[in-house]
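Colleague: Need the 3D shape of this:
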Amino acid sequence: MAEVSPVAVLVGSLRRESLNRRLATALATLAPPSLQLRIVEIGALPLYDQDHEVEPPPAVGEFKRAIAAADAVLFVTPEYNRSVPGALKNAIDHGSRPYGQSAWKGKPAAVITLSPGALGGFGANHHLRQSLVFLDMPTMAQPEAYVGNGAKLFGDDGSIAVPQTREFLVGFMAAFAAWVGRHAPAR
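Modeller: I've put the predicted structure just below:
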């Protein structure tokens, strides 16, 4: 029996009915059996403050434990003003501190950006990748995933209703499973 890799999924939008949350949920059904996707919530994290490193708030400790328990991380995010949403950047900062105790180090990652517009979050995707390089997260380069026209993407049941996009996402998740298999730290 093949080993199952737990994958922490970080959704950049905090809105309950966000397109990106819907995509993250749909991706869990499209992922190969070797990946077990679980959304790790970021909305309860306080704004990063170095003073919290001495005595982290409970939400920070819970967040870092969830990341540490994962073999890999999948980022599913919109683009805000050609960059990463503040809540997601805040989560990244919390996970990376205190210095030398990063929860991200060595965890394979992938990025999917989704927007209602045609560009599919290109700017956020590339800004996020810059941070992941610094965090020492081997990040899947291909296939790149910029999903546009997100408002037309989902069926009433939350599934991916556009056949070409569904096929692309199945391939993306298969590539990510292979990436995780090659790069996940040994347990």
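
Colleague: What is the longest helix seen in the chain packed up against?
Modeller: Ranked by number of residues, the top helix in the chain under DSSP state H is helix 163-183. Counting contacts by 3 or more C-beta pairs under 8 Å, 6 or more residues apart in numbering; DSSP states H and E, helix 163-183 is packed against strand 5-11, helix 19-30, strand 35-39, strand 72-77, strand 109-114, strand 145-147. From N, CA and C alone the C-beta is placed, and that goes for glycine too.

Colleague: Please identify the buried residues of that helix?
Modeller: Within helix 163-183, the residues that count as buried by 16 or more other C-beta atoms under 10 Å are 165-166, 169, 172-177, 179-181, 183.

Colleague: Please apply the same query to stretch 96-105.
Modeller: Neighbour counts over stretch 96-105 (16+ other C-beta under 10 Å) mark Ser96, Arg97, Ser102, Ala103, Trp104 as buried.

Colleague: Any figure for the gap between the first one and Ala44?
Modeller: Distance check for Ser96 against Ala44: by C-beta to C-beta, to the nearest Å, it reads 18 Å.

Colleague: One more: the fourth one?
Modeller: Using C-beta to C-beta, we find Ala103 at a distance of 16 Å from Ala44.

Colleague: ok, now which ones touch the nearest residue to Gly95 once chain neighbours are set aside?
Modeller: Excluding its sequence neighbours, the residue lying closest to Gly95 (C-beta to C-beta, 6 or more residues apart in numbering) is Ala103, at 4.4 Å. For Ala103, the contacting residues are Lys64, Ile67, Ala68, Gly95, Ser96, by C-beta atoms under 8 Å, 6 or more residues apart in numbering.

Colleague: Perfect, that will be all.
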